[in-house]
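Novice: predicted model follows, preceded by the sequence.
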Amino acid sequence: MQYKRISAPFDKAELAGLSAGDRVLLNGIIYTARDAGHKRMYDAINSGGALPISLEGQGIYYVGACFDLSGKPISAGPTTAMRMDKYAPTLYDNGIGASIGKGDRSKEVYDAIVRNGAVYLCAIGGAGAVYAHAIKRSSLVAFEELGTEAMYKFEVQDFPLIVAIDSKGNSVF
């Protein structure tokens with residue numbers, strides 16, 4: 001099986017070289033956010049408030065990771081992406097290079113991906129232990145009170161993904 005190696009934060013030129021269906025191994029820094037975290041970032045953008053991170057070139061993984069007592073992720077499988085579709089176009093328009101989840105996206109998200117030269121990457125549902133193994137470091141970034149929906153910074157190595165929607169709007173769906 002042939003994989004392309006990519007790095008996060010993302011470079012638009014590197015993203016432009018990806019095609020729907022490409023298998024990739026992601027290395028670098030990504031952030032986690034689910035429904036409640038997305039809503040908070042969306043509200044901050046729309047009200048001119050501060051964001052917990054700069055969104056420029058970042059990857060957002062839709063996950064509610066489970067941690068052991070030492071704080072190491074033991075399961076980090078993807079959440080259904082469509083739940084974030086209300087907020088995703090605004091986040092893409094404010095710099096997100098890629099979102100990572102499972103399942104297809106709305107037309108509005110496809111349009112935002114193309115408009116911003118970004119991508120949507122799919123993780124495999126049911127493979128939470130595989131993804132947890134690829135997380136080398138994690139740290140809490142924001143929204144601690146949200147529990148499993150808190151925002152984390154993950155340093156990942158050889159994080160296996162599929163390019164589901166490329167920067168031109170081509171899709172595996």
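Specialist: On my side now, so go ahead.
Novice: C-alpha only now, for contacts and for neighbours.
Specialist: Fine.
Novice: quick one, helices of the protein?
Specialist: Using DSSP state H, the helices of the chain run over 12-16, 35-47, 88-93, 107-116, 128-133.
Novice: and the shortest one, what's its mean pLDDT?
Specialist: Yep, that's helix 12-16 we're talking about. Helix 12-16 shows a mean pLDDT of 96.
Novice: okay, it in CSV with CA atoms only?
Specialist: Output of helix 12-16 as CSV, limited to C-alpha atoms (Å, rounded to 0.1, in the frame of the first residue of the first chain):
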residue,chain,number,x,y,z
LYS,A,12,-1.5,25.0,0.8
ALA,A,13,0.9,23.9,-1.9
GLU,A,14,1.2,20.5,-0.2
LEU,A,15,-2.6,20.2,0.1
ALA,A,16,-3.0,21.1,-3.6
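Novice: quick one: residues in contact with that helix.
Specialist: Applying CA atoms under 8 Å, 6 or more residues apart in numbering, the contact partners of helix 12-16 are I6, G57, G97, G117, A118, V119, D166, S167, K168.
Novice: do the same with the last one
Specialist: The contact list for helix 128-133 (CA under 8 Å, 6+ apart) reads P73, I74, S75, A76, G77, P78, F159, P160.
Novice: let's go with 10 Å and repeat that
Specialist: Here helix 128-133 makes contact (CA atoms under 10 Å, 6 or more residues apart in numbering) with 63, 65-67, 72-78, 123-124, 154, 156-161.
Novice: go on, the second one?
Specialist: Here helix 35-47 makes contact (CA under 10 Å, 6+ apart) with 32-33, 48-53, 55, 60, 62-63, 79, 81, 83-91, 94, 142-143, 146, 149-151.
Novice: quick check: buried residues in that helix?
Specialist: Of all the residues in helix 35-47, those buried under the rule 16 or more other CA atoms under 10 Å are D35, G37, H38, K39, R40, M41, Y42.
Novice: quick one: that helix to chain centroid distance?
Specialist: Chain-centre distance of helix 35-47: 15 Å, with CA atoms, centre = their mean, to the nearest Å.
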